[in-house]
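> fold the following.
(chains A and B)
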Amino acid sequence: MNWKVLTAGAVITVPLVALLAEGFNRDPKLRSNALEGRQAPIFSLTTLDGDPFSLDEANGKPVVVNFWSTWCQPCKIEHPVLLRAAETYGPMGVHFVAVLYQDDASKARAYLNRSGSHWPTLEDPGGRTAIAYGVAGVPETFFIDASGTIVRKVSGPVSQEIMVTTLEQML
Amino acid sequence: MGTLILLAALLGTQPAFPESPADVVNELATVELPEPPLEDPPDAATAAARTDRLQTHLRCPVCQGLSVADSPSDAARAMGTRIEELVSQGYTEDQITYYFVDRYGAWVELEPPDEDHKALFLAPIAVVLVGGFLLLIWGRRERKMGTQTDDSPSQVHTPDPAIEPWRNRILEELGEVN
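Just a heads-up that it's a prediction; the model follows:
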């Protein structure tokens, strides 16, 4: 066996394989959770009923901000989880807020009339709030604690388990 | 309506049309920005050039490899409009780029910052240099070994006088066997 050739081959191939292995660990579609651990951007928007709403209204209470739209199927899967969570944790002081993403208010009203909601749904003209939160698709949910810090961002539908665990940690 | 216009004409003012619900929603919608603009609002030409550069430089958040300028998606249009708004308020290109990177991560820049990918360009050059150096050493060594072989043929072909009797005996015995 020629040890010199073997060593030279290893010197060339091992770093390449390591580089590829590192690449496999990275999901190119994975979005940044850059806002986790930071203050939530304050926004003032209008509900579908025309009432003004500001994040300041949470006033030292935990808030769950959910970005959604009626054209998003995973949002519909997530909806019952939000309903149950709002029923359980709403009376415990957790605010639930939904922000409509790239959608018509009339479609959202119709969907919510059918499916129900226990939270204000806000219109986001120009998607400024979605941009301020770095939303790159729906659903995306931000868990904001009583101090106004984003403790967790969930891309995709929030499961019952994640919802309960995160809210219990925040309370 | 006619009475309103007549009244307005008499008062010398235009009648104020009621705002549409969309206008009201838009007017009330605000989101806090992390810092104030560093410059005064630019003139139209400068603003258009800055907006164009930023929309070409930043990636559409819902696409794969398309800039905000190139993507027809609603999300890219919203981002493009937001860039336009921020530019017109006097935010610098660096401020706006940082704002988006801060929210979406470095991924949002189509071309990552120089310091992040400079090493990638240097790596092949370094590999070629190291490879060339190794080849040079290997070539010299081979040449040296070849020279040594050529210069001292006696070391190979001339047997040690001390073992000469033994060698002869072995050869003789082999001759007997053969």
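
> only C-alpha atoms for contact and neighbour calcs from this point on.
OK.

> in what helix or strand does A:R152 lie?
strand A:150-155 (DSSP states H and E).

> would you mind listing the buried residues in the next helix-or-strand element following that strand?
Using DSSP H and E, the helix or strand that follows strand A:150-155 towards the C-terminus is helix A:160-170. Neighbour-count burial for helix A:160-170 flags A:M163, A:V164, A:L167, A:M170 (criterion: 16 or more other Cα atoms under 10 Å in any protein chain shown).

> export the top helix by length along chain A to CSV, keeping only CA atoms.
For chain A, the longest helix by residue count, based on DSSP state H, is helix A:3-24. Output of helix A:3-24 as CSV, limited to C-alpha atoms (Å, rounded to 0.1, in the frame of the first residue of the first chain):
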residue,chain,number,x,y,z
TRP,A,3,0.9,5.5,2.2
LYS,A,4,2.1,8.7,0.5
VAL,A,5,-0.7,8.5,-2.1
LEU,A,6,-3.2,7.5,0.5
THR,A,7,-2.2,10.5,2.7
ALA,A,8,-2.3,12.9,-0.2
GLY,A,9,-5.7,11.7,-1.2
ALA,A,10,-7.0,12.0,2.3
VAL,A,11,-5.6,15.5,2.6
ILE,A,12,-7.6,16.5,-0.5
THR,A,13,-10.8,14.5,0.0
VAL,A,14,-11.4,14.8,3.8
PRO,A,15,-11.8,18.7,3.8
LEU,A,16,-14.1,18.4,0.7
VAL,A,17,-16.3,15.8,2.3
ALA,A,18,-16.4,17.8,5.6
LEU,A,19,-17.4,20.9,3.6
LEU,A,20,-20.2,18.9,1.9
ALA,A,21,-21.3,17.4,5.2
GLU,A,22,-21.5,20.9,6.6
GLY,A,23,-23.6,22.0,3.6
PHE,A,24,-26.1,19.2,4.3
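
> neighbours around residue 46, how many?
Unless you meant another one, I'm taking chain A. 24 (other Cα atoms under 10 Å in any protein chain shown).

> try chain B instead
Each residue near B:T46 was counted by other Cα under 10 Å, and the total is 13.

> per-residue confidence at A:L35?
For A:L35, the pLDDT comes out at 88.

> before we move on, what about B:E35?
So, for B:E35, pLDDT stands at 87.

> where's it, which helix or strand?
Under DSSP H and E, no helix or strand contains B:E35.

> now swap in A:L45 and tell me
strand A:43-47.

> next: A:A98.
Going by DSSP H and E, A:A98 is in strand A:95-100.

> does that strand reach chain B?
No: residues of strand A:95-100 contacting chain B under Cα under 8 Å from any Cα of the partner chain: none, with a closest distance of 11.9 Å.

> which outside residues touch the helix or strand following that strand?
Moving toward the C-terminus from strand A:95-100, the next helix or strand (DSSP H and E) is helix A:105-115. For helix A:105-115, the surrounding residues in contact (Cα atoms under 8 Å, 6 or more residues apart in numbering or on different chains) are A:L48, A:S69, A:T70, A:L100, A:E123.
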